[in-house]
Structures are given as structure tokens and as C-alpha cells.
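Colleague: no sequence on this one, just coordinates:
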């Protein structure tokens, strides 16, 4: 009993500074962020997204060049958007938006935000489960599966989800430590596995690689039932697959610990190791799997990695899922906790972990990961644009920043209207003009910026006029 009490006391003592700026003494060095980004982005998603580029028929040239340009743009977004604002405010995204939008809007936004993060973490738990189930000959999900296909699958998901939740409950410090230990080993497994299978694809020298890459790996021909990907799909997906984190400002929760805004460039360790090398490596592994299985519909990262790298590959899939799910659960816990500051973050994370684990039982989260990642980034992006405008633009055009806090209101209609208008216009662009979801983030950001400036002028102007009017002194009048 005493041991359990000691653990509870330890968890209760964790302070993540959810409702206040990070104190100077708690700031972390660049090493924490290099490890965290490398661990989070060289992770479970890479075992899914890399193969999906193969399935969607991206050509070798489109993949290599699209990933290069898109990842550079992503790193610049992390540094110049999220890094600068995080260091300036030292607040979580959730507390910052509360100051701007008010508690009522923040409640809705945080529930949406946490739900989307839970689904992403759930997809990563499912990825790990495909490797954990290997020794038990568990039936693996296929590209067409939506619902759980066996009791064994559900039990395995719950085991993996429990471990992931426990790590996330101990806060950012433990999440960072876990990533720093796991990241270097994982990237070596990705590279070693891909290099090891090259002879089985007919590649026995450097000169063999590109011809085989074009004809066997990234052929430019999508699998049956999959849409065709071009350079633009690859580039915009590489840039916007983490749109919620950088342009959407969710990584304020992590980068508020940074000593300098330039630590945002640490994201390069993740995107170029994970979203470049690891996507290419996992695409190679999947193309071999398709070749040797006669285009099987099974889509399970565990067996794919095991076939290429044996036990080390399977273990890599397990840990890769954890290193993405851990910080994602951490963010989701902060989003829910900000609704009621009296709630202990670790208790909220425990609840969020249970919801996430249940969601992970549904294989559709993995099979539709490309579309889901694009959708959740698009939904959260307008709030990032609002924060950017509120901090850098409104003061320069004579409008008030942190309007909800300044006026002590619980709902800022300018924020709500901006969010609604942006998503509504993006939906219309998709339905009537045919712009695919992968491309909507760019026009959507400019719509959100313009929309928030216009809405702020509309809703702040009456108040500003009233404040400028001299206040009468009734006592003097009455005295006469």
C-alpha cells in the first residue's frame, strides 16, 4: 500500500507548468529536442507512410525530390513559426489560445484537438501491436480492414497501449529520455534492413539502385484501388503531414522548454532521418514484401520488418510505435487538462490513454493514415494562423492581442468565425473545385490569416470606440 502511495505522490509532484510560462530554470538544451524529434519522427508512422507512397504509385524521382523540398519547408515552419512563438510566450498552445479566444471556445477546440491526437497515437499503438503479435501467429489486418479481426488483436493492442500510457504519464522529461535512448538505434535498424534486402530486389551495386528503384520499388503505378501520387502530392504531404505541430502550433507544448527559438531547427533530426531516410527505407521493405507475396493485401508493419531484419526489425516496430505515441499522448493529456487546471495531468493522460487504446483496435486508423494525417492538420491549422496573427499582426494595425483575457470574456467570436470560415471554404474548394486534401493547407492558412484580421476589426471596433469615449462623471452632475 505504501508503495502505491509513493507512486501517486511522485506522479502528483510532476509539474508541467500547464497554466503558466516555463521558468528559466526548467529550460532544456538542444539535445533534448534533437532526441525528441528524432524519436517521434523516426517512428511508427514511418513504417506506414513509406509503404503508402509505394501503394499510391509515386515515381522514384517524385519521391526523392518531393521529400527533399517538403521536409525543408517543414523545418523552416517549425523554426520560424512555432519556435519563435514558443520562446516568446513560454506557454502551451492550449493556454495561449485561451488568452486569445476565451474558455468556451478553448473547451471545444481542446476536445477536438485531444480527440485527433488520440487517433494518431492509436494508429501508432496499432503499428506496434502488429510486431508484438508475431510470436503468437496473430492474424494481421489488411488494407481493407476497418474493424478488429480477432480477440488476439484486441488483447495485444491493450498490452501495448498500457505501456505507452504509463510512459506518457510521467511527463515531458521521461518522454524526452525515452526518445533519446530509442532514436539512434531505430534509424540504424531502418537503414540496415533496407540495405540488407537490396540483393533480393536485384540490387548488387550502387549503379543498380536507380534503375531498380524506378522499375520495381517506386514504379509510378498505384496498386488497385489507390489514387496516383505526383511530385506535388509528395512535397505537400512532407510539408503538411505535421502541419498541426508546426503551422498549427501544437509543438508550443514542447518548444516552450527551448532556451532559444533556433531549437526549432532540431526538427530536422526527425524529418530528414524519419520523413526522408526512413520513408525511403520502409518503401523498399514494402516493395520487397509485395514482390515476394504476389501483391498481398496484408498491410502490417511488424511482419514486413520481421521478414527483412528478423527479431531486430520486429522490436524496432514496437519501439517506433511507442516513440510517436508517447509525445502524442502527452499533448492530448495537456489539451484535456487545460479544460480544468485542477485535474492532475497524469490522471488525465491515463484516461486519454484508455480512449486511445480503444481507438487503436480499429485497423482503419492505419490503413487511411495518409488521409487522416492531412485532415487533422487541416482542422487544427486555423488556430495556429490565429495565434500568429494575434502576436505579430494585430498590435501593428491598432488591434488588441489576447482579446479574451484583456476584456475578461469567455468567448471571442472573431476566433470562432475564423475557424468556421476557413474550414468551410476549404471544404468547398475540395467538393466543387476538386482540390485534394493534401493541398488545402496552403490556401487555408492565408484564408485564416485574412479572416482573423477582418473578424477582429469587426468585433473589436465597437469596444475600441467605446473605450475612446470620455467617461462622464455623474457625481459632479448630481452635486450641482
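Modeller: Cool, got the structure. What you see is a predicted model; the values in this text were computed from it and never measured.

Colleague: Now do the contacts for residue 127.
Modeller: Each residue near residue 127 by C-beta atoms under 8 Å, 6 or more residues apart in numbering is listed here: 44, 45, 47, 48, 301, 302, 317, 320, 321, 366. Placement of C-beta: from N, CA and C, glycine included.

Colleague: could these go into CSV alongside secondary structure, pLDDT and distance to residue 111?
Modeller: Shown next, in CSV, are these (DSSP: H, G, I helix; E, B strand; the rest coil; pLDDT from 0 to 100; distance: C-beta to C-beta, whole Å):
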residue, secondary structure, pLDDT, distance to residue 111
44, coil, 67, 25
45, coil, 74, 24
47, helix, 77, 29
48, helix, 80, 26
301, helix, 80, 30
302, helix, 81, 32
317, helix, 81, 31
320, helix, 74, 28
321, helix, 76, 25
366, helix, 77, 24
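
Colleague: now, the most widely separated pair of those residues?
Modeller: 45 and 302 (14.4 Å; C-beta to C-beta).

Colleague: who's more crowded, these two?
Modeller: For residue 45 versus residue 302, neighbours defined as other C-beta atoms under 10 Å are more numerous around residue 45 (31 against 26).

Colleague: Would you agree the more buried one is in contact with residue 325?
Modeller: No - using C-beta atoms under 8 Å, residue 45 is not in contact with residue 325, being 10.0 Å away.

Colleague: what is in contact with the two at once?
Modeller: residue 124.

Colleague: Point out where this protein drops to low pLDDT.
Modeller: Along the chain, segments meeting pLDDT under 70 span 1-27, 39, 43-44, 143-144, 168, 170-184, 295, 297-299, 338, 461-480.

Colleague: List just the nearest of the contacts of residue 127 to residue 376.
Modeller: Using C-beta to C-beta, these come closest to residue 376 at residue 45, 12.4 Å.

Colleague: mind listing what that closest one touches?
Modeller: Contacts of residue 45 (C-beta under 8 Å, 6+ apart): 123, 124, 127, 274, 324, 369, 373.

Colleague: For the fifth one, which three-state class applies?
Modeller: In this case it means residue 324. helix (DSSP: H, G, I helix; E, B strand; the rest coil).

Colleague: Just to check, it is in contact with residue 40?
Modeller: Yes - assessed by C-beta under 8 Å, residue 324 is found in contact with residue 40 at 5.5 Å.

Colleague: before we move on, the earlier item: can you say which two of the contacts of residue 45 are spatially most distant?
Modeller: The most widely separated members of the contacts of residue 45 are 123 and 274, with 15.2 Å between them, by C-beta to C-beta.

Colleague: what helix or strand does the residue lying closest to residue 458 once chain neighbours are set aside sit in?
Modeller: Leaving aside its sequence neighbours, residue 458 sits nearest to residue 414 (C-beta to C-beta, 6 or more residues apart in numbering; 7.2 Å). Residue 414 belongs to helix 413-428 when assigned by DSSP states H and E.

Colleague: Which elements pack onto that helix?
Modeller: helix 93-101, helix 103-132, helix 369-392, helix 441-468 (3 or more C-beta pairs under 8 Å, 6 or more residues apart in numbering; DSSP states H and E).

Colleague: what's next to the first one, contact-wise?
Modeller: What it means is helix 93-101. Contacts for helix 93-101 (C-beta under 8 Å, 6+ apart): 18-20, 89, 91, 105-106, 109-110, 113, 249-250, 252-253, 334-335, 338, 383, 386-387, 390, 401-405, 411-412, 415-416.

Colleague: repeat that with 7 Å
Modeller: 18-19, 89, 106, 109-110, 249-250, 252-253, 334-335, 338, 383, 386-387, 390, 402-405, 412, 415 (C-beta atoms under 7 Å, 6 or more residues apart in numbering).
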